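*Asks:* Got a predicted structure plus its sequence, pasted below:
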Amino acid sequence: MLIVKDISLSFGAARILDGVQLQARAGELHVIMGANGAGKSTLLRVIAGEYMQYTGSIFLNGLELRSIPVNEQAKLRAVLSQQLSLQLPFSVADVAGMGRYVYRAQEKKYDKEIVSYALKLLQVYDLRHRAYTTLSGGQQQRVQMARVLAQLLEAPDLQGTDYTGRKMLLLDEPVTGMDILHQQLSLQLAARLAERGVLVLAVLHDFQLAAAYAQNISLLKDGHVHAQGPADRVLTPEHIKACFGVEVSVLHHPLCSYPMIITNKNMLTI
């Protein structure tokens, strides 16, 4: 279980996070949403260990995050950041294989199989010999997803291992630049990982994707959690207007088990 307790963070005079409280369980896909500047990516970076100057506490499986050695954190937590840039012409296979660097020699016997498996799941295996820098933005994002998947996996098969309480995946806008097919593919993969016990924490902007895939949603506003819970309790017209400044209608379709969010362009509150 991940427990974020009263986390605050400032950059100079700017208060970015203000007393954030969040809990997410192993086997849960938990989505963080909010307007630009609400603190979503900053919160994810704090949990990823990129910003250490926060106040408050973060507990992972009962251990304070700061007490876990960095090399052990790298084995239990994989991170897909929002902005990634590679200038050198590494191959697609090389980039995905970077996810295996955190393991010792005796833990690397399945490296090639795991990397190939990850590339196939993200439908970029046929590009494995291409230079990463020649790919489209969406293809690069899928390769990065393969990299973090390769970092998490202990065997080249999602069905055979229970990761409950042992693995966490942090995704910051993971479907940016992807077409609709690969958006669904990537989030279905995140959901499958959650089914295997991985705690998945993802920043998303799309209401429908969040509603369809998240077990719980944390809605941030001005650096604090405005609402938290299942989609039907969080993605309400009142919460969305308070956090995003737009008026929406929430509809229910007989073929969908989740709410559908409809924005009327004539109802913008500007």
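*Replies:* Right, received. Where do you want to start?

*Asks:* is it fair to say Val31 lies in a strand?
*Replies:* Yes: membership of Val31 in a strand is supported by DSSP: H, G, I helix; E, B strand; the rest coil.

*Asks:* thinking Met168 is in contact with Leu60, fair?
*Replies:* Yes: the pair Met168 / Leu60 is scored as a contact, 6.8 Å apart, by Cβ atoms under 8 Å. Any C-beta I mention is one placed from the backbone N, CA and C, and that applies to glycine too.

*Asks:* More neighbours: which of these two?
*Replies:* Set Met168 next to Leu60 and count neighbours by other Cβ atoms under 10 Å: Met168 wins out with 23 against 20.

*Asks:* Now do the helices for the stretch 101-250 of the chain: every range, in order, please.
*Replies:* For the stretch 101-250 of the chain, the helices defined by DSSP state H, counting those that start in this stretch occupy 111-121, 137-152, 180-195, 207-213, 231-234, 237-244.

*Asks:* what sits up against the first one?
*Replies:* Contact with helix 111-121 is made by 92-93, 96-97, 99-100, 103, 125, 127-128, 143, 146-147, 149-150, 153, 155-158, 189, as judged by Cβ atoms under 8 Å, 6 or more residues apart in numbering.

*Asks:* Just the buried ones from the residues you listed?
*Replies:* Taking 16 or more other Cβ atoms under 10 Å as the criterion, what is buried in those is 92-93, 96-97, 99-100, 103, 125, 127-128, 143, 146-147, 149-150, 153, 156, 158, 189.

*Asks:* Low-confidence stretches in the stretch 51-200 of the chain?
*Replies:* By pLDDT under 70, the low-scoring segments of the stretch 51-200 of the chain are 83, 106.

*Asks:* what's the average pLDDT for stretch 249-266?
*Replies:* Regarding stretch 249-266, the rounded mean pLDDT is 85.

*Asks:* Dump it to PDB, restricted to CA.
*Replies:* Written as PDB, here are the backbone C-alpha positions of stretch 249-266 (Å, rounded to 0.1, in the frame of the first residue of the first chain):
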ATOM      1  CA  SER A 249     -23.000  16.800 -18.100                       C
ATOM      2  CA  VAL A 250     -22.500  13.300 -16.700                       C
ATOM      3  CA  LEU A 251     -24.300  10.700 -18.700                       C
ATOM      4  CA  HIS A 252     -24.800   7.000 -18.200                       C
ATOM      5  CA  HIS A 253     -24.900   4.600 -21.100                       C
ATOM      6  CA  PRO A 254     -26.400   1.100 -20.800                       C
ATOM      7  CA  LEU A 255     -23.300  -0.400 -22.400                       C
ATOM      8  CA  CYS A 256     -20.800   1.300 -20.000                       C
ATOM      9  CA  SER A 257     -20.300   0.700 -16.400                       C
ATOM     10  CA  TYR A 258     -18.600   4.100 -15.900                       C
ATOM     11  CA  PRO A 259     -19.900   7.700 -16.300                       C
ATOM     12  CA  MET A 260     -19.500   9.600 -19.600                       C
ATOM     13  CA  ILE A 261     -18.500  13.200 -19.300                       C
ATOM     14  CA  ILE A 262     -19.800  15.600 -22.000                       C
ATOM     15  CA  THR A 263     -18.500  19.200 -22.200                       C
ATOM     16  CA  ASN A 264     -20.700  21.800 -23.900                       C
ATOM     17  CA  LYS A 265     -18.600  24.400 -25.600                       C
ATOM     18  CA  ASN A 266     -21.300  27.000 -24.900                       C
END
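
*Asks:* neighbouring contacts of it?
*Replies:* 207-208, 211-212, 231-232, 235-237, 240, 246-248.
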